[in-house]
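Novice: Build me a model:
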Amino acid sequence: MGRQQERVAARRAIYEAPVARLQQHRARESAVTDLVVPVQVKLCSGTEALADAEVHASALIEKRVPVHGLTAMQAA
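Specialist: Numbering: from 1, shown residues only. Got it, this is the predicted structure:
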């Protein structure tokens, strides 16, 4: 009976190995996603902040040009 149990255990291991690999793959994928999402949020908010700063800077330059009699290059 010992030999038959060894064969059954070997077959079970063969069938369970792909399932275990799939579970490990999903766990790694989930961990990567958990890291990527906050980074993407920070990048997007940083991009928005940069765009807002550029708009604000452009508005200030446009104000300085007529008030101080400067060219756009001098104001920048």
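Novice: pLDDT of the longest helix along the chain, averaged?
Specialist: Of all the segments of type helix in the chain, defined by DSSP state H, the longest one is helix 2-68. Mean pLDDT, taken over the full extent of helix 2-68, equals 87.
Novice: just checking, what packs against it?
Specialist: Under the contact definition 3 or more Cβ pairs under 8 Å, 6 or more residues apart in numbering; DSSP states H and E, helix 2-68 sits against helix 72-75. Heads up, the C-betas are built off the backbone N, CA and C, glycines and all.
Novice: Centre of the chain to the longest helix of the chain, how far?
Specialist: Relative to the chain's own centre, helix 2-68 is displaced by 4 Å; criterion: Cα atoms, centre = their mean, to the nearest Å.
Novice: ok, now how distant is V41 from L35?
Specialist: Look at V41 and L35: by Cβ to Cβ, to the nearest Å, they are 12 Å apart.
Novice: next one: Q24
Specialist: For Q24 relative to L35 (Cβ to Cβ), the value is 17 Å.
Novice: So the residue most central in space within the chain versus R3, what's the distance?
Specialist: For the chain, the residue lying nearest the average C-alpha position, counting by Cα atoms, centre = their mean, turns out to be V36 (3.0 Å). Using Cβ to Cβ, one obtains 49 Å as the distance from V36 to R3.
Novice: ok, now A59?
Specialist: Distance of A59 to R3, given as Cβ to Cβ: 84 Å.
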